[in-house]
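> predicted coordinates and the sequence they were generated for:
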Amino acid sequence: MTRSPATPLPSPDERRRLRAAASLTWRQVAECVGVPPETVRAWESGRSTPRGRNRETYAKLLAGLAEGAADGGIRESVPVRQEEAAAVVAVRLGKPGGDGRPGTVAPEPSAFAQAPPPSSSASHEERLTPAQAFDALYSFCAPALVRQAYLLTGRRALARESVERAFQLAWDRWPEVARDPDPAGWVRAAAYEWALSPWHRCRRRHRRPEPPPPDDDDRALLETLLRLPPPYRRTLLLYDGLGLGLPETAAETEASTRAAAGRLTYARETVAARLPELSDPDELHRRLAELASAGRLRAAEPPVVRGGSERRARFWTRAAVAFTVALIGTTALTLHTAPTGYEPPVPPGETVRGVPPRVAPGPLSEDERELRDRLRKELPRGPERLAPQAR
């Protein structure tokens, strides 16, 4: 039995160009192929390659776009930025969607959906400053990331801190983040890493438990999530919460696809064993969104986060400069006070022989003891002076 050759595909850059020329968003292409928008984004960035039926469907779609572009039937493209991530497309294994395509669920607003960027009256040709681009990314991703971090940690303060530290790190490395094909994914990975760091258990304020959710069902679900190991909890949130594909989930958790599938299966079985009503992935997705929304978490303002990052950078820069100056001063003082010539060490002392030992006085005789007693009885200033008396 021979395997049929794979359907040829254009390069990732050509795929992106064809989609942009047709004025299509990642979400629209994903709906046509039957995959999440994040998968289409990974195909266009070259991080993954479609296979099987998805590859054939994607190749036919690109071929149609190429023919339309050649015939001149495609209208002039209009840049659409960050619109494709405004909705959540959740992928479920083994359950067909309502439109007949296997494994898709229609986009629906939830606590995991990132708010669309605010519309601007400025033309698209105008370039944003780094601060404006950072503020747009923060306003776009931070509210949803805080809720996601709350599901990972169960702590509101730690969730906000994780998102702030992730964006502070992004501002410190903004040239790298700005050139990344998926800046939101970069920040999400940094926030998850900080939220799941094991060093938080050593902090005093994180040793005290926070008040649980008021609802019994939400409290049971949160306790079940926190009982999962951190990698399994993260995999479940990425796949069943955010709707990432299995390859994208494996890549973000730094695991193989088989390992990610095993973690997902174990996490689902654990949740279903404690909460049988959540054995359906769709119901689990809905309950995760409700639990994230019940926290009522708010992120800080973008200027506050940028200011904190800049203050931290100034602090560590000044600390490094002060340490360098102290090291140079210590080295200079050592060179100035160090001896310039060789000084032989003082030899240890030796015992002198042939000297007679010192003789101590012997015991007092009887007359010497009487004299000592008499002297002690006399007045301190000596004996009284004898004066003649007249008779």
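Nice, I can see it. Residues are numbered from 1 along each chain as shown.
> CA atoms for contacts and neighbours, from now on please.
OK.
> can you mark which positions in the helix or strand hosting Leu371 are buried?
Applying DSSP states H and E as the criterion places Leu371 in helix 366-377. By neighbour count with 16 or more other Cα atoms under 10 Å, helix 366-377 contains no buried residues.
> for stretch 287-304, same thing?
In stretch 287-304, counting by 16+ other Cα under 10 Å, buried: Arg287, Leu288, Ala289, Leu291, Ala292, Ser293, Gly295, Leu297, Ala299, Ala300, Pro302.
> residues contacting the last one?
Going back to what we said before, that points to Pro302. The neighbours of Pro302, taking Cα atoms under 8 Å, 6 or more residues apart in numbering as the test, are Phe134, Asp135, Tyr138, Ser139.
> just those: which are in strands?
If you go by DSSP state E, the contacts of Pro302 have nothing in strands.
> out of the residues you listed, give me the one that has the most neighbours.
Tyr138 (24 neighbours; other Cα atoms under 10 Å).
> ok, now which ones touch that one?
Tyr138 neighbours (Cα under 8 Å, 6+ apart): Phe167, Pro302.
> next, Pro50: secondary structure please.
coil (DSSP: H, G, I helix; E, B strand; the rest coil).
> could you measure it against Ala260, distance?
As defined by Cα to Cα, to the nearest Å, Pro50 lies at a distance of 18 Å from Ala260.
> so which of those two has more stuff around it?
Under the criterion of other Cα under 10 Å, the comparison of Pro50 against Ala260 puts Ala260 first, with 24 against 17.
> do you know how far the spatially closest residue to that one that is not a sequence neighbour is from Leu244?
Leaving aside its sequence neighbours, Ala260 sits nearest to Ala250 (Cα to Cα, 6 or more residues apart in numbering; 5.3 Å). As for Ala250, its distance to Leu244 is 10 Å (criterion: Cα to Cα).
> of these two, who's got more company?
Leu244 (25 against 21).
> that one reaches Val40, doesn't it?
No - look at Leu244 against Val40 with Cα atoms under 8 Å: they stay out of range, at 10.9 Å.
> longest helix anywhere in this structure?
If you go by DSSP state H, the chain has its longest helix at helix 302-337.
> for the record, mean pLDDT for that one?
Mean per-residue pLDDT for helix 302-337: 88.
> got the buried residues for that helix?
Pro302, Val305, Arg306, Ser309.
> closest to Arg179 among those residues?
The closest of those to Arg179 turns out to be Arg306 (Cα to Cα; 18.8 Å).
> contacting residues for the closest one?
Gln168, Trp171.
> now it: how far from Glu176?
Arg306 is 16 Å from Glu176, by Cα to Cα.
> hmm, back to that, which ones among the buried residues of stretch 287-304 lie within helices?
Per DSSP H, the subset of the buried residues of stretch 287-304 in helices is Arg287, Leu288, Ala289, Leu291, Ala292, Ser293, Pro302.
> closest one of those residues to Glu223?
Leu291 (11.5 Å).
> stretch 21-35: end-to-end distance?
21 Å.
> same question for it: list its buried residues.
Buried-residue list, stretch 21-35, by 16+ other Cα under 10 Å: 21-31, 33-35.
> same thing with stretch 246-265?
For stretch 246-265, by 16+ other Cα under 10 Å, it's 246-250, 252-253, 255, 257, 260-261, 263-264.
> next, format those as TSV and append distance to Ser45 and pLDDT.
Formatted as TSV, those follow (distance: Cα to Cα, whole Å; pLDDT from 0 to 100):
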residue	distance to Ser45	pLDDT
Leu246	17	88
Pro247	14	89
Glu248	12	89
Thr249	16	89
Ala250	16	89
Glu252	15	88
Thr253	18	88
Ala255	20	89
Thr257	19	89
Ala260	21	91
Ala261	23	91
Arg263	26	93
Leu264	25	92
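> what about those residues, which are in helices?
Those of these lying in helices (DSSP H): Leu246, Pro247, Glu248, Thr249, Ala250, Glu252, Thr257, Ala260, Ala261, Arg263, Leu264.
> in this protein, which spans are strands?
91-96, 102-104.
> figure out how far stretch 331-343 is from the centre of its chain.
47 Å (Cα atoms, centre = their mean, to the nearest Å).
> what's the answer for stretch 26-38, then?
With Cα atoms, centre = their mean, you get 29 Å for stretch 26-38.
> and that stretch, average pLDDT?
Mean predicted confidence for stretch 26-38 is 84.
> and stretch 149-168, by the same measure?
pLDDT averaged over stretch 149-168 gives 89.
> so which residues lie in contact with that stretch, not counting its own?
Looking at what lies outside stretch 149-168 - Cα under 8 Å, 6+ apart - the contacts are 138, 142, 145-148, 187-188, 190-192, 194-196, 210, 222, 225-226, 230, 233-234, 288, 291-292, 295, 297-300, 305-306, 308-309.
> go again using 7 Å as the cut-off
142, 145-146, 187, 190-192, 194-195, 210, 222, 233-234, 292, 299, 305-306, 309 (Cα atoms under 7 Å, 6 or more residues apart in numbering).
> residues of it that come out buried?
Buried residues in stretch 149-168 (16+ other Cα under 10 Å): 149-156, 158-168.
> re the thing from before, which one of the buried residues of stretch 287-304 is nearest Ala63?
Looking across the buried residues of stretch 287-304 and measuring by Cα to Cα, the closest to Ala63 is Ala289, at 37.8 Å.
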